[in-house]
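In: I would like to see how this sequence folds:
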Amino acid sequence: MALEDKKVPDNIEVSDELAEAIRAGLEEGKLPCGTAFALASRRGAPPLEMGQAADVLDIHLTGCQLGLFGYPGHAKGWDAAGAAAMPVPAGLEAAIRDSLDDGVLSCQAAWRLANKFHVPRIQVGYLADRLDITIRHCQLGAF
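Out: Sure, this is the predicted structure:
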């Protein structure tokens, strides 16, 4: 979803401290997904708070850890990461299918699977795409 199409709740306020922390993490004017999660962790805040703050500040997210967006020169991040060449652990594809909710894999479920199978998150995103499974409910609110 494009930043200009997002609807951030009216009650979202971004403190000067948070705005400064977000701006300090920018790379080429954008906030990498991994940086947003690290910032949320350091602050003890939910990731969605970081995503909404970035939206309020009119800052785009980049470098989705599932490979879905934010990879200049690539439609997705999978090619840049070499996801197609990564070995697929036995049971991962079945686990992806078993984790679907109404045919959709949530971002959070994809992360859990990556941890459970000890694979990079981007690999789970790649496999879901190859299985024609949509990933939704970004933890940062990007999609």
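In: show me where the chain has helices.
Out: All helices of the chain, identified by DSSP state H, fall at 16-24, 33-43, 47-56, 78-81, 92-98, 107-117, 121-130.
In: Single out the most deeply packed of those.
Out: Highest mean neighbour count among the helices of the chain (mean count of other C-beta atoms under 10 Å): helix 121-130, with a mean of 23. C-beta coordinates here come from the backbone N, C-alpha and C atoms, glycine included.
In: And this protein, split by domain according to the record?
Out: If you go by automatic domain parsing, the domain ranges for the chain are 3-62, 78-136.
In: lowest-confidence stretch among these?
Out: Comparing mean pLDDT across these, the weakest is domain 3-62, with a mean of 91.
In: ok so, going back, so can I have TSV of the helices of the chain showing distance to Gln139?
Out: Output for those, formatted as TSV (distance: least, C-beta to C-beta, whole Å):
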stretch	distance to Gln139
helix 16-24	16
helix 33-43	8
helix 47-56	4
helix 78-81	19
helix 92-98	17
helix 107-117	5
helix 121-130	11
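In: Now Met86: phi and psi?
Out: Backbone geometry at Met86, expressed as degrees, to the nearest 10, gives phi -70, psi 130.
In: Contacts only, for it.
Out: The contact partners of Met86, taken as C-beta atoms under 8 Å, 6 or more residues apart in numbering, are 119-120, 123, 126.
In: any idea how far it lies from Phe117?
Out: Using C-beta to C-beta, to the nearest Å, Met86 is found at 11 Å from Phe117.
In: Show me the residue at the heart of the chain, geometrically.
Out: Central residue of the chain (C-alpha atoms, centre = their mean): Cys64, 4.2 Å from the mean position.
In: Do you know the pLDDT at that residue?
Out: Cys64 is assigned 96 on the pLDDT scale.
In: wait, doesn't it sit right on Gly70?
Out: Yes. Using C-beta atoms under 8 Å, Cys64 makes contact with Gly70 at a distance of 5.3 Å.
In: shared neighbours of those two, anything?
Out: By C-beta under 8 Å, 6+ apart, the residues touching both Cys64 and Gly70 are 33, 77.
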